[in-house]
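**Q** Here is my input; please provide its structure:
(4 chains)
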Protein chains: 2
Amino acid sequence: MKRTTIIDIAEALGVTPSTVSRALAGNSRVSEQTRDRVREKALELGYQPNVVAAALRRGKSDTVGMVVPRINRHFFSHVISAVEEVLNPAGFNLLICQSHEKADLEKLAVQVLLKNRVAGIILSHALETVDFGVFDAAARERVPVVQFDRVHTAVAGPRIINDNFSGAYLAVKHLIKSGYKRIAHLTGSLSVNVYQERYRGYKYALEEAGLPIDTGVMENSITRETGYESTLSLLQQTRFDAMFCAGDFAAIGAMQALHDKGLSVPSAMGIVGFANEPFSDFISPRLSTVEQNAHDMGHLTAKALIRAINGKGPLEADWEEVVPVRLLVRDSSMRSEAVAY
Amino acid sequence: MKRTTIIDIAEALGVTPSTVSRALAGNSRVSEQTRDRVREKALELGYQPNVVAAALRRGKSDTVGMVVPRINRHFFSHVISAVEEVLNPAGFNLLICQSHEKADLEKLAVQVLLKNRVAGIILSHALETVDFGVFDAAARERVPVVQFDRVHTAVAGPRIINDNFSGAYLAVKHLIKSGYKRIAHLTGSLSVNVYQERYRGYKYALEEAGLPIDTGVMENSITRETGYESTLSLLQQTRFDAMFCAGDFAAIGAMQALHDKGLSVPSAMGIVGFANEPFSDFISPRLSTVEQNAHDMGHLTAKALIRAINGKGPLEADWEEVVPVRLLVRDSSMRSEAVAY
DNA sequence: GTTATTTGTGCAAACGTTTGTATTTTTGTT
DNA sequence: AACAAAAATACAAACGTTTGCACAAATAAC
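**A** Below is the predicted model of the structure:
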């Protein structure tokens, strides 16, 4: 069956398509009366606007593209939901792509979005990404880009980031307060802003307390598996009584390694993770961690994009916004008394 | 800066846009030579096809819409990834929407997708959904719909489902084999196919073994919180020595309730969950569960949709495909010896 | 009562493709 | 060399909106 168009409505009412278009858009140049007649007829005929045609004519769609490393990460999926919460009421809908942490897939996703003439792009980089050429294309085509969490200054536009420095600082400071003295660090790639900042916070807390910062830092130890392996080799290389892990998955792996070696948490070893993955609350011992505010981040990101789309000028185009994080103290970092390892 | 179109390429080469279009599409009616010249020039000018215009002209886009209750569920996010794996190479891209388990949001999402003239829709219903009117609109507009996991026969088109019956049957049979005799059941809404089938498998296993089926079944106990509450009230109402939970979150809640009541798992109480959530493997005791094959499900779903889009007729339009599940026996359901409760 | 202003509508072009049909050019046949 | 067939390209309409401009009718200003 043929879909009804504004032309059908126009013919049924004896007006022109342009009037119908304006009526449906709520344009004040069409009288209240015909506006109602049009709306009524549209409902009657079950009219569904063809946004594709509108997008072509306007040169811009009401679709926003979003590229994340993976949608099944607690943090990212919650940011997505929060972004939706803002974008949908504003009349936009979301086209979600995954980069699977691959730079080439990220690039491809951005190209697909540009081909689809999206109104804007929200993005968090893959770990690998080093070439930011595609984003020049976006800038050239006047498609605003807002980065969140994993951001890079090479890309123009607003950046919404977590307060990774403070989160790490608070976590390590808390470990120190709990009586731990030699604190190791499991982190991701230090070429990523997120891990750089967490590392900086870690170092700062140690320096402030006058503790050694050479206790052991393992890069690229962010998954459960690498966390497990890195912990085992750290145990051989150096002595430490606590670990600050830049991610909860790494913390889980570390705890498993410690368990296998007969070291109990938190008495022999204190642990703090990062991200508050859903499981962190009901493993044993319950994992202390740093909670990121995915909800606020999503809201801020979406709002920044909407502002950019509405062209509030390139004045405020390039700035950074920091979302506070929160330390959740649970069992894995609480010992009644400091015990030398 | 103005974006390059096929018209620009045509003018630069002294041919017409139609020739350029056909050249880029690899149409055999244009000579090899000009095809190469066009491709070269397109590359040189940095041409990016405007898929919006193409979609308008063809009356159909290369975007596929997908509606899921939530993207942050382990199962759904993995199905999405698997769907992507098939759809992207086939030249489609995914527009993902969340219904947040609300029937009205699901309806809205489908309408948005239809307005966007998607090539097809992949969908798993919200728990609430009872009115399937929107899907008639989809059928009328010849937009194929493929349902997965949470399906309903009121909607036309292929349905890809998990073998919930067998999963439940295997789980309960395993509990029985382990020596448990009185097995309770925590389930979701029995108006959803998924939970209906799991319930059926549960009952069948009990009947087969000649065990009582009146041990206690609690509906709407599928979250961690409701699982916790339901277990507590079950403990007051009736006697049982094992639980089959229709979801891992419920199982976690149950384990917590049992722990609070001083009942140890698996010695005093056996537990099997469903879905193999990522945490199930590293809680203590490790949770036995039924693993669903999200990957295969996604692949089959995407392939079914592609077949439907390519119009392999309404002959095979309405059928059901069952994806096998697998019982994962871990610690929560293994006791060396049956102990009467 | 004439002219200026406002208000409501129509006309037509444009957005960038795709595609059926017509036309030209090339190739093949006799 | 003449003609048919095939191959390559051109022409033009269409997809369903939006929107600048023109125009008519109604209202306001003098």
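
**Q** What ranges does chain A have for its strands?
**A** A:63-68, A:93-98, A:120-123, A:145-148, A:159-162, A:183-186, A:217-218, A:242-245, A:270-272, A:289-291, A:320-323, A:326-328 (DSSP state E).

**Q** do the second one and chain B meet at all?
**A** Spelled out, it's strand A:93-98. Yes - counting by C-beta under 8 Å from any C-beta of the partner chain, chain B is contacted by strand A:93-98 at A:Asn93, A:Leu94, A:Leu95, A:Ile96, A:Cys97, A:Gln98. Where you see a C-beta, it was placed from the backbone N, CA and C, and this is true even at glycine.

**Q** what residues go with each domain of chain A?
**A** According to automatic domain parsing, chain A comprises the domains A:6-49, A:62-162+A:294-323, A:164-292+A:327-333.

**Q** Out of those domains, which gets nearest to B:Arg150?
**A** domain A:62-162+A:294-323 (18.4 Å; C-beta to C-beta).

**Q** and that closest one, is it in reach of DNA strand D?
**A** No - in terms of C-beta under 7 Å from any atom of the strand, no part of domain A:62-162+A:294-323 sits within range of DNA strand D; the closest distance is 9.7 Å.

**Q** so how far is the first residue of that domain from its last?
**A** 27 Å (C-alpha to C-alpha, to the nearest Å).

**Q** What mean pLDDT does that domain get?
**A** Domain A:62-162+A:294-323 comes out with an average pLDDT of 90.

**Q** Same check on stretch A:186-196?
**A** 95.

**Q** Flag every buried residue along it.
**A** Buried residues in stretch A:186-196, counted by 16 or more other C-beta atoms under 10 Å in any protein chain shown: A:Leu186, A:Thr187, A:Gly188, A:Val192, A:Asn193, A:Val194, A:Tyr195, A:Gln196.

**Q** Which members of the residues you listed are positioned in helices?
**A** Assigned to helices by DSSP state H, the following of the buried residues of stretch A:186-196 qualify: A:Asn193, A:Val194, A:Tyr195, A:Gln196.

**Q** Surely the last one is in contact with A:Gly188?
**A** Yep, that's A:Gln196 we're talking about. No - checked against C-beta atoms under 8 Å, the pair A:Gln196 and A:Gly188 is beyond contact range at 9.5 Å.

**Q** related to what we said a few turns ago, and which of the ones in helices among the buried residues of stretch A:186-196 is nearest to DNA strand C?
**A** A:Asn193 (35.8 Å; C-beta to the nearest atom of the strand).

**Q** quick one, what contacts that closest one?
**A** For A:Asn193, the contact set (C-beta atoms under 8 Å, 6 or more residues apart in numbering or on different chains) comprises A:Arg150, A:Val151, A:His152, A:Ile161, A:Asn164.

**Q** What residue, apart from its backbone neighbours, is nearest A:Ser332 spatially?
**A** A:Ile271 (4.4 Å; C-beta to C-beta, 6 or more residues apart in numbering or on different chains).

**Q** Contacts only, for the one you found.
**A** A:Ala242, A:Met243, A:Cys245, A:Ala251, A:Ala254, A:Met255, A:Leu258, A:Val265, A:Leu287, A:Ser288, A:Ser332, A:Ser333 are the contacts of A:Ile271 under C-beta under 8 Å, 6+ apart.

**Q** Of those, just the buried ones, PyMOL syntax please.
**A** Applying 16+ other C-beta under 10 Å to these, the buried members can be selected in PyMOL as follows:
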select buried, chain A and resi 242+243+245+251+254+255+258+265+287+288+332+333
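
**Q** Among the contacts of A:Ile271, which lie within helices?
**A** Short answer: the contacts of A:Ile271 in helices (DSSP H) are A:Ala251, A:Ala254, A:Met255, A:Leu258.
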